[in-house]
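Participant: Provide a 3D model corresponding to the input given below.
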Amino acid sequence: MILDPVELLDILGNENRRRILQLLSFRPFYFNEMAKRLDVGPKAVIDHLVMLERAGLVECYQDTGRRKYFRIVRKTILEVAVSPHSYGVRAFHSEDAPAVEDNGLVPDMKLLRDELLTLEEKRLELRALLDGIESREMEIKHIACSAARSYAENQLEAEILTALLSGDADATHLAMRLEAPEIVVTDRLKRLEERGAVHLLDQEWSIR
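Facilitator: As a prediction, this is how the structure comes out:
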């Protein structure tokens, strides 16, 4: 069965479903027994069990007295990895876990340490690169906004040019962003076009 890690995260986000799994980790239970233990209505317990069963986390079986019990199907692993520059989740059954080479040797701690130091160095280099890009981006935006203000004849024209620095847009969307009448924005765009600051292509205005 293919496990959807995002779906499992959603399922386990409910406290009562987590409590049900915690209870079933001790032994199988029938739903009325679970309802009493958890102080949750039988109907709600059944709904939770149906969802857990559909996700392949629990299964139902009957004992000799024909009573229906629920139990955890098998060991399931859900991994979440979060770092400053990445996020990932994966889920698998224990028998499907990624193979780890086992040659009976103790890992060389020095080699592991050296690799960790190398990865840390690369991470710091990447962070420095990102910081440099963000700094230059802020600098360019500041220069561009200053240029827009010096070129514009009024505040609205400056705001129009600044908005177009983020990408092309039609007059309607510009008017909505600037909270100005579209007819006024269109008039200013045409004046900017006459001065060679912007041009219209396929109904969208852009910096020339």
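Participant: and the gap between Val50 and Phe31?
Facilitator: 10 Å (CB to CB, to the nearest Å). The way it works is simple: take the backbone N, C-alpha and C, and place the C-beta from them, glycine included.
Participant: Could you do His93 as well?
Facilitator: 24 Å.
Participant: Same question for Glu194.
Facilitator: On the measure of CB to CB, Glu194 and Phe31 end up 76 Å apart.
Participant: Name the residue in these two with the higher neighbour count.
Facilitator: Remark: of Glu194 and Phe31, Phe31 carries more neighbours, 20 against 9, as counted by other CB atoms under 10 Å.
Participant: so the closest residue to Val58 other than its chain neighbours is in which element?
Facilitator: Nearest residue to Val58 in three dimensions, chain neighbours excluded: Leu52, at 4.5 Å (CB to CB, 6 or more residues apart in numbering). According to DSSP states H and E, Leu52 maps onto helix 42-54.
Participant: Can you name every helix or strand that that helix contacts?
Facilitator: On a contact count with 3 or more CB pairs under 8 Å, 6 or more residues apart in numbering; DSSP states H and E, helix 42-54 meets helix 15-24, helix 31-38, strand 58-62.
Participant: Mind listing the strands the lowest-mean-pLDDT helix or strand in the chain pairs with, and their directions?
Facilitator: None of the helices or strands of the chain scores lower by mean pLDDT, DSSP states H and E than strand 86-93, at a mean of 76. Strand 86-93 pairs in its sheet with strand 76-83 (antiparallel), by DSSP bridges.
Participant: now the partner strand against helix 15-24, angle please.
Facilitator: In terms of direction (axes from the mean of the first three to the mean of the last three CA atoms, to 10 degrees), strand 76-83 departs from helix 15-24 by 130 degrees.
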